[in-house]
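**Student:** can't give you the sequence, but here's the structure:
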């Protein structure tokens, strides 16, 4: 039944595109491509793992804790809460449409979703576990062992299988059919005049230089604070931590603007509470342009047209632990 | 669509009962009654609120954090994690089938689910918010205001509406159609010989004196440690905190045994990690009986036959905050 729901959602997206029956408009932004689920059993397994707090030391924090699929794939906090209520160093990016990014994490230190998925599990400030302990937990749960065997053909689990399944689920988390995508596919009525004016301004004033492609971002690393320096509350040097290059200091992966209405607060430090504030700061710091209130309202109207259909699926029911499952250690 | 799923599940349970076509066997345990959803819009609203961490000071903890519907309506921890990683004083009881209990909380201090729902929101050790602040947050979210108006006929929210909706959702969280219920309804093949022997032993040796009714518990308060005292790690006097009576010291609401396979660890202090350990301790302390390993195996087989169909529904998508929504204060 869960598989059926996923396929139905994909089918809907395809139908919508077929209904318009035209190639997308020739724009620097492309519609979100529909996802074809080729390995439904792996996706279902990955969904369970994404929601399973037993991948954390405490037994309390799951992937969904900070990439909450009820809330645009984010936690809507400036920075996240980790094990023992540690304050994270950076704002949690949305998992929605993240497969469309050139790399993962703000500094791009993971090449893809599979590599990313292993990070938080073993980060002492996040889920605070180790890959070995996480595998030990999963291996002790008969329901998981059976599912891993069905998907991967072996009963002996490893972290590659875990991250592969999580990534397979995350790849389904796309949000097609936003009003803007409907407009891109030829429906003139999908955007009102204010949003359309916002899109024209977004292109003409240079936002699209970085926020382009199907994800309106995720295609490059850019320095935050081009025209004016940005005074951040976050203690991070950005991309330079990965490349070691001084030129990459305070460069970050350009975040997607898809569903940006849902992914507040904004910037890598979460210091912009509203879209209006974020647009104003971006204009000043990146483009040297002071937008009027009317212009900000137009761009924000455009940005809100980027909210797509959120992934719809049944809350997964997790297989229970066995007598051999190590107990979580939330306070240990 | 979500409504349809709920009704379909109810329909399935009804069909099953009709298929057997007989009154339940005359036993001290009754099948879980199917739920008729009479107010689907209220249930949907309550589901969103149940999953919404914005009802907590941190913006991180929701009802589902400790009553996780992926994990039998519990957090599977000895005691729960509250605001700022505070350790809770007691094991979180399952929300599944909780409408069948005579009262709520281990000490029964809330008469019903509606009264219960307001407790954790305002408990400084749990969600650490106030009802006033929670209402302020919800009132600032246009999507919620529209839903509350549709359900309650007014745009001005109050905590009674919030807890009423949460309770309406929780009342749908029943788990019919367990193997034991199938047996109760006449299907002789639904239990194997070991589980059936376990049920006979459960009745004959006295467990059923407290664990009776459709929820196999939840019908009375009983002292933990009747034959021998129980040395608890939890700092609580139980029911006496509500009644002020010395006779109620260390009395607790008898927990349901429905889905007990999923609601580990056991007892109000969560100190019994396995069903085998819980059965052994209960026999010694409550009944003065030392069960053999074979007998424990039989009772555990019976207990595992109490796992019913878990509630199946779409993960709710929450309405986004507005520019007027107060920011959460996880570290404030």
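**Tutor:** Perfect, thanks for sending it. On a predicted model such as this, the values are computed, not experimentally measured, just so you know.

**Student:** And the helices in chain A, which stretches?
**Tutor:** Under the criterion DSSP state H, chain A contains helices at A:2-20, A:40-51, A:63-66, A:113-122, A:131-139, A:142-152, A:159-170, A:179-184, A:193-204, A:240-243, A:275-282, A:293-304.

**Student:** Run a quick neighbour tally on the nearest residue to residue A:127 once chain neighbours are set aside.
**Tutor:** Excluding the flanking residues, the one nearest residue A:127 by CB to CB, 6 or more residues apart in numbering or on different chains is residue A:56, at 3.7 Å. To be clear about C-beta, it is placed using only N, CA and C from the backbone, and glycine gets the same treatment. The tally of other residues near residue A:56 (other CB atoms under 10 Å in any protein chain shown) stands at 26.

**Student:** Make sure residue A:56 is actually in contact with residue A:128.
**Tutor:** Yes: between residue A:56 and residue A:128 there is a contact at 6.5 Å, judged by CB atoms under 8 Å.

**Student:** tell me, what's touching the two both at once?
**Tutor:** Taking CB atoms under 8 Å, 6 or more residues apart in numbering or on different chains as the contact rule, residue A:56 and residue A:128 both touch residue A:83.

**Student:** Nearest to the spatial middle of chain A, which residue is it?
**Tutor:** residue A:95 (2.0 Å; CA atoms, centre = their mean).

**Student:** Quickly note the distance from residue A:94 to residue B:139.
**Tutor:** Look at residue A:94 and residue B:139: by CB to CB, to the nearest Å, they are 26 Å apart.

**Student:** between these two, who's got more neighbours?
**Tutor:** Counting neighbours by other CB under 10 Å for residue A:94 and for residue B:139 shows that residue A:94 has the greater number, 24 against 17.

**Student:** what's the closest non-adjacent residue to the more buried one?
**Tutor:** Nearest non-adjacent residue to residue A:94 (CB to CB, 6+ apart): residue A:73, at 3.9 Å.

**Student:** my guess is the one you found contacts residue A:65, does it?
**Tutor:** No: with contact defined as CB under 8 Å, residue A:73 does not reach residue A:65; the gap is 11.8 Å.

**Student:** so which residue of the stretch 1-150 of chain A comes closest to chain B?
**Tutor:** residue A:85 (3.8 Å; CB to the nearest CB).

**Student:** pLDDT score assigned to the residue lying closest to that residue once chain neighbours are set aside?
**Tutor:** By the measure of CB to CB, 6+ apart, the closest residue to residue A:85 outside its immediate chain neighbours is residue B:85, 3.8 Å from it. You'll see residue B:85 listed with a pLDDT of 98.

**Student:** isn't residue B:85 right up against residue A:82?
**Tutor:** No: with contact defined as CB under 8 Å, residue B:85 does not count as touching residue A:82 (9.9 Å).

**Student:** Between those two, which is the more surrounded one?
**Tutor:** Using other CB under 10 Å as the criterion, residue B:85 and residue A:82 rank with residue A:82 on top: 23 against 16.

**Student:** who's in contact with the more buried one?
**Tutor:** A:61, A:88, A:123, A:125, A:126, A:127, A:128.

**Student:** JSON lines for the residues you listed, including neighbour count and pLDDT?
**Tutor:** Formatted as JSON lines, the contacts of residue A:82 follow (neighbours: other CB atoms under 10 Å in any protein chain shown; pLDDT from 0 to 100):
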{"residue": "A:61", "neighbour count": "27", "pLDDT": "98"}
{"residue": "A:88", "neighbour count": "20", "pLDDT": "96"}
{"residue": "A:123", "neighbour count": "15", "pLDDT": "97"}
{"residue": "A:125", "neighbour count": "15", "pLDDT": "97"}
{"residue": "A:126", "neighbour count": "22", "pLDDT": "98"}
{"residue": "A:127", "neighbour count": "25", "pLDDT": "98"}
{"residue": "A:128", "neighbour count": "21", "pLDDT": "98"}
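
**Student:** Which members of these are positioned in strands?
**Tutor:** Assigned to strands by DSSP state E, none of the contacts of residue A:82 qualify.

**Student:** Out of the residues you listed, the closest to residue A:277 would be?
**Tutor:** residue A:88 (21.3 Å; CB to CB).

**Student:** Phi first, then psi, for that closest one.
**Tutor:** Backbone torsions of residue A:88, given as degrees, to the nearest 10, read phi -70, psi 160.

**Student:** Might you report the residue contacts of the residue nearest to residue A:150 when sequence neighbours are not counted?
**Tutor:** Distances taken as CB to CB, 6+ apart place residue A:41 nearest to residue A:150, at 5.9 Å, with adjacent residues excluded. Shown in contact with residue A:41 (CB under 8 Å, 6+ apart): A:147, A:150, A:151.

**Student:** Kindly provide the distance from residue A:41 to residue B:103.
**Tutor:** Between residue A:41 and residue B:103 the computed distance is 43 Å (CB to CB).

**Student:** Ok, residue A:277 next?
**Tutor:** Counting by CB to CB, the separation of residue A:277 from residue B:103 is 48 Å.

**Student:** and what of residue A:193?
**Tutor:** 58 Å.

**Student:** cool, residue A:223 as well?
**Tutor:** Computed as CB to CB, the residue A:223 to residue B:103 distance reads 60 Å.

**Student:** dump the residue contacts of residue A:261.
**Tutor:** Here residue A:261 is in contact with A:72, A:275, A:303, A:304, A:306, A:307, B:320 (CB under 8 Å, 6+ apart).

**Student:** what pLDDT does the first one get?
**Tutor:** At residue A:72 the predicted local distance difference test score is 98.

**Student:** thought it was touching residue A:98?
**Tutor:** No: if you go by CB under 8 Å, residue A:72 and residue A:98 don't touch, sitting 11.9 Å apart.

**Student:** Could you break chain A into its assigned domains?
**Tutor:** Chain A breaks down into these domains under automatic domain parsing: A:40-170, A:179-304.

**Student:** End to end on the longest one, go ahead and measure it.
**Tutor:** Pointing back at domain A:40-170 there. 12 Å (CA to CA, to the nearest Å).

**Student:** list the contacts for residue A:86?
**Tutor:** Residue A:86 neighbours (CB under 8 Å, 6+ apart): residue A:125.

**Student:** so where's chain A uncertain?
**Tutor:** Within chain A, the stretches with pLDDT under 70 are A:1-21.

**Student:** Give me the more crowded residue out of residue A:73 and residue A:65.
**Tutor:** Neighbour count, other CB under 10 Å: between residue A:73 and residue A:65, residue A:73 has more, with 26 against 23.

**Student:** residue contacts, that one?
**Tutor:** Contact analysis of residue A:73 by CB under 8 Å, 6+ apart lists A:67, A:94, A:95, A:96, A:98, A:173, A:259, A:262, A:263.

**Student:** Show the contacting residues for the first one.
**Tutor:** Think residue A:67. Counting by CB under 8 Å, 6+ apart, residue A:67 touches A:73, A:74, A:75, A:92, A:94, A:95.

**Student:** export these to JSON lines and tack on distance to residue B:163?
**Tutor:** Shown next, in JSON lines, are the contacts of residue A:67 (distance: CB to CB, whole Å):
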{"residue": "A:73", "distance to residue B:163": "29"}
{"residue": "A:74", "distance to residue B:163": "27"}
{"residue": "A:75", "distance to residue B:163": "25"}
{"residue": "A:92", "distance to residue B:163": "30"}
{"residue": "A:94", "distance to residue B:163": "31"}
{"residue": "A:95", "distance to residue B:163": "32"}
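
**Student:** Within range of chain B, give me the residues from the stretch 1-150 of chain A.
**Tutor:** The stretch 1-150 of chain A comes close to chain B at residues A:1, A:51-54, A:58-60, A:65, A:68-72, A:75-78, A:81, A:84-85, A:87, as judged by CB under 8 Å from any CB of the partner chain.
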